[in-house]
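Chemist: sequence first, then the predicted structure:
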Amino acid sequence: MYNLMTDGSVGRILKTQVMNVLKNHKGRENAIKASRISRMLSYKDDSITSSVVRGVIHQIVQDECLPVGSCNRGYFVLTEVERKLYLDNLIKRRDRIKERILWIRNFKLN
């Protein structure tokens with residue numbers, strides 16, 4: 001399905017704009033929320049929602065290999081020092097999710 005906000009020339013422009021914003025937010029202490037990016041890029045309307053921004057950030061991580069991290073304060077470009085800590089945190093989260101999947105899978109419903 002074609003999405004005007006993420007595909008084609010509009011999508012490429014939006015991706016570039018979001019990347020430029022993220023590159024100015026290096027390090028966890030400089031995190032920026034998707035809603036803030038949305039407001040920065042929406043200009044005269046609300047067509048660029050937080051959900052659209054989150055999707056674009058996901059694409060940027062995959063397509064552009066930009067090391068973007070996230071925390072409760074928003075998104076940020078990882079510093080070299082933060083990279084290992086962030087990876088360790090992701091691995092711990094993955095392991096807890098696997099445990100929860102097994103628990104739910106084996107839970108007997110009445």
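Modeler: Cool, got the structure.
Chemist: return the set of buried residues in whichever helix in the chain runs longest.
Modeler: The residue-count maximum for a helix in the chain (DSSP state H) belongs to helix 80-106. Of the residues in helix 80-106, E82, Y86 count as buried by neighbour count, 16 or more other Cβ atoms under 10 Å. All C-beta atoms are positioned from the backbone trio N, CA, C, and that covers glycine.
Chemist: for that helix, what is the average pLDDT?
Modeler: Average pLDDT, helix 80-106: 95.
Chemist: where does pLDDT dip in the chain?
Modeler: Flagging of the chain using pLDDT under 70 yields the residue ranges 1-8, 10, 43-45.
Chemist: if we use 80, what do you get?
Modeler: Where the chain drops to pLDDT under 80, the residues are 1-10, 43-46, 109-110.
Chemist: how far out from the middle of the chain is stretch 51-62?
Modeler: Counting by Cα atoms, centre = their mean, to the nearest Å, stretch 51-62 is centred 6 Å from the centre of its parent chain.
Chemist: any buried residues in that stretch, and which?
Modeler: Neighbour counts using 16+ other Cβ under 10 Å place V52, V53, R54, G55, V56, I57, Q59, I60, V61 of stretch 51-62 among the buried residues.
Chemist: is it true that the third one touches I37?
Modeler: No. Using Cβ atoms under 8 Å, R54 makes no contact with I37, being 9.2 Å away.
Chemist: please name the nearest non-neighbouring residue to L22.
Modeler: Spatial nearest neighbour of L22, excluding adjacent residues (Cβ to Cβ, 6 or more residues apart in numbering): V77 at 5.6 Å.
Chemist: quick one, phi psi at the one you found?
Modeler: V77 adopts backbone torsions of phi -80, psi 130, taken as degrees, to the nearest 10.
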